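*Asks:* Make a model of this:
(2 chains)
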Amino acid sequence: GENVEQHPSTLSVQEGDSAVIKCTYSDSASNYFPWYKQELGKGPQLIIDIRSNVGEKKDQRIAVTLNKTAKHFSLHITETQPEDSAVYFCAASGPQAGTALIFGKGTTLSVSS
Amino acid sequence: GAVVSQHPSWVICKSGTSVKIECRSLDFQATTMFWYRQFPKQSLMLMATSNEGSKATYEQGVEKDKFLINHASLTLSTLTVTSAHPEDSSFYICSVPGLPTDTQYFGPGTRLTVL
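*Replies:* This next block holds a predicted model:
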């Protein structure tokens, strides 16, 4: 089955710096890769996703890149703000609709002002 | 995206009792919903897939007789933790596929504490 590895487990940056979180996956059949932000005591919130027919996607300060050959994808946050502090999870799922997500272990991002 | 609610948001119960958690999709009809469990400072682990009109599919290691799932309608799935024990204390979260159908939206979660 699918296995998703996520690094780093913790990341501390200064406000205004960029943050990068990397994930690798094992199943070459996976073709959907979402990123979620989870604040303490809340459910995960979808912040950006990418599908295997796309190499990069950007939404304001957030971008995701995908390298299907190497089976890794990354989240890039630019101009970080204190409110970006949270736990970020990457995930992967297979091609069929309604396939469950397999999550990475999460990255705790701390942005200090 | 899909709007998902869960009830209750938190519950405290005594060991040996049963607890029911509801997951509702407020703006999408869902033939499939997913239940995850999250222990403190850990990732989300898939427990089971809830299927409307048929039996749930459980992940390896999840006891189907302990975690009863009923997909009562296209907008409601319930998870009942039977004979709860302290080790069942966790954060239970459901998710609903949206559009495109590989996109998943999560509920706010239910914090279960078993004394």
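*Asks:* Spell out which parts of chain A neighbour chain B.
*Replies:* Within chain A, the positions adjacent to chain B are A:32, A:34, A:36, A:41-46, A:49, A:51, A:89, A:93, A:95, A:97-106 by Cβ under 8 Å from any Cβ of the partner chain. Every residue, glycine included, has its C-beta placed from N, CA and C.
*Asks:* Just the buried ones from those?
*Replies:* A:32, A:34, A:36, A:42-44, A:46, A:49, A:89, A:93, A:98-106 (16 or more other Cβ atoms under 10 Å in any protein chain shown).
*Asks:* Inside strands: which ones of these?
*Replies:* With strands taken from DSSP state E, the overlap with these comprises A:Tyr32, A:Pro34, A:Tyr36, A:Leu46, A:Asp49, A:Phe89, A:Ile102, A:Phe103.
*Asks:* Quick one, grab the pLDDT at the second one.
*Replies:* Among the per-residue scores, A:Pro34 holds a pLDDT of 96.
*Asks:* Check B:Asp27 too.
*Replies:* Looking at B:Asp27, its pLDDT is 88.
*Asks:* On the three-state scheme, it is what?
*Replies:* coil (DSSP: H, G, I helix; E, B strand; the rest coil).
*Asks:* Equivalent analysis for A:Gly16, please.
*Replies:* Classification of A:Gly16 by three-state DSSP places it in coil.
*Asks:* how near is it to chain B?
*Replies:* A:Gly16 sits 28 Å away from chain B, going by Cβ to the nearest Cβ, to the nearest Å.
*Asks:* need the contact list for the nearest residue to that residue once chain neighbours are set aside.
*Replies:* Distances taken as Cβ to Cβ, 6 or more residues apart in numbering or on different chains place A:Glu79 nearest to A:Gly16, at 5.9 Å, with adjacent residues excluded. Taking Cβ atoms under 8 Å, 6 or more residues apart in numbering or on different chains, we find A:Glu79 in contact with A:Gly16, A:Ser18, A:Arg61.
*Asks:* could you redo these as TSV and give each row neighbour count and pLDDT?
*Replies:* Output for the contacts of A:Glu79, formatted as TSV (neighbours: other Cβ atoms under 10 Å in any protein chain shown; pLDDT from 0 to 100):
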residue	neighbour count	pLDDT
A:Gly16	11	98
A:Ser18	12	98
A:Arg61	13	97
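*Asks:* Okay then, goodbye and thanks.
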